[in-house]
Each structure stands twice: as C-alpha cells, then as structure tokens.
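**Q** Got a predicted structure plus its sequence, pasted below:
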Amino acid sequence: QVQLVESGGGLVQPGGSLRLSCAASGFSFSTYAMSWYRQAPGKERELVASIASAGGNTNYADSVKGRFAISRDNTKNTVYLQMNSLKPEDADLYYCSYYKPPLDYWGQGTRVTVSS
C-alpha cells in the first residue's frame, strides 16, 4: 500500500536550518509530482512547495521563496525540503503528499519547532 514517511523535523533556533525527508513506497514515485504542506493547529493546511515528477519544475509559497528548496531523488523514492533562515512562523506540522485522482495521499507529518 501507499506509504509516505516524513522525517527530519525537530527544534531549531530562529535563523537555523532543517532538512525534511519523505520516503515513499507503494506507488510509482517517479511518475508523480510531490508536494510539501504544513498545518498549524486550528488552521488550514498550506501548500509550501511542489516539484514535478522529473524534478525540473518547482513551485513555492510566497512565504518561503528564497528560503526553502524542494528536491527529489527518484532513485531513492524520496522527496526533500531544505529549510533555511527559519522563522518562528514556520513552526508547523509538515506533511508530504501526492495526488493520484481522485485521492490525495498524505504522510503522518513531522513537526518543526522554531524557538530560541
């Protein structure tokens, strides 16, 4: 079955960096665009970044442009989110996801805490 397993979250000081990973299995990873979302308690899930199946086309939320970078390794069935210059408002539960009509698939999330 489909599995998306995020890792790499943790506590970091403002201005610090983290790299999130999402290991995928149970589907043809290299043929699907992948995305990272985040969600704070009581708020809607927000699209952070997405990457095309071959990795050449990426998109970012305005709030993370220039600070975050999404990438993927199709040989390892893994998508990454490099997060630099982290701010307290980046603290959220981060999920990776892909869409295979008619369903969205989600991992369990990894928590990012930004605090001094």
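**A** Structure received. Numbering: from 1, shown residues only.
**Q** distance of Thr31 from Gly42?
**A** Using C-beta to C-beta, to the nearest Å, Thr31 is found at 35 Å from Gly42. Where C-beta positions appear, they are placed from N, C-alpha and C, glycine not excepted.
**Q** So the two - more neighbours on which side?
**A** It is Thr31, of Thr31 and Gly42, that has more neighbours when counted by other C-beta atoms under 10 Å, with 11 against 5.
**Q** Model confidence for the more buried one, exactly?
**A** With respect to pLDDT, Thr31 has a value of 96.
**Q** residues contacting the nearest residue to it once chain neighbours are set aside?
**A** In this structure, Thr31 finds its nearest non-sequential neighbour in Ser53, 5.4 Å apart by C-beta to C-beta, 6 or more residues apart in numbering. Neighbour list for Ser53: 30-33, 74 [criterion: C-beta atoms under 8 Å, 6 or more residues apart in numbering].
**Q** Run a quick neighbour tally on the nearest residue to Met34 once chain neighbours are set aside.
**A** Distances taken as C-beta to C-beta, 6+ apart put Val79 closest to Met34, at 4.3 Å, once the chain neighbours are dropped. Counted by other C-beta under 10 Å, the residues lying close to Val79 total 30.
**Q** Just list what whichever strand or helix holds Val79 packs against, helices and strands only.
**A** Taking DSSP states H and E as the definition, Val79 sits inside strand 78-83. Where contact means 3 or more C-beta pairs under 8 Å, 6 or more residues apart in numbering; DSSP states H and E, strand 78-83 is packed against strand 18-25, strand 34-39, strand 46-51, strand 68-73, strand 92-100.
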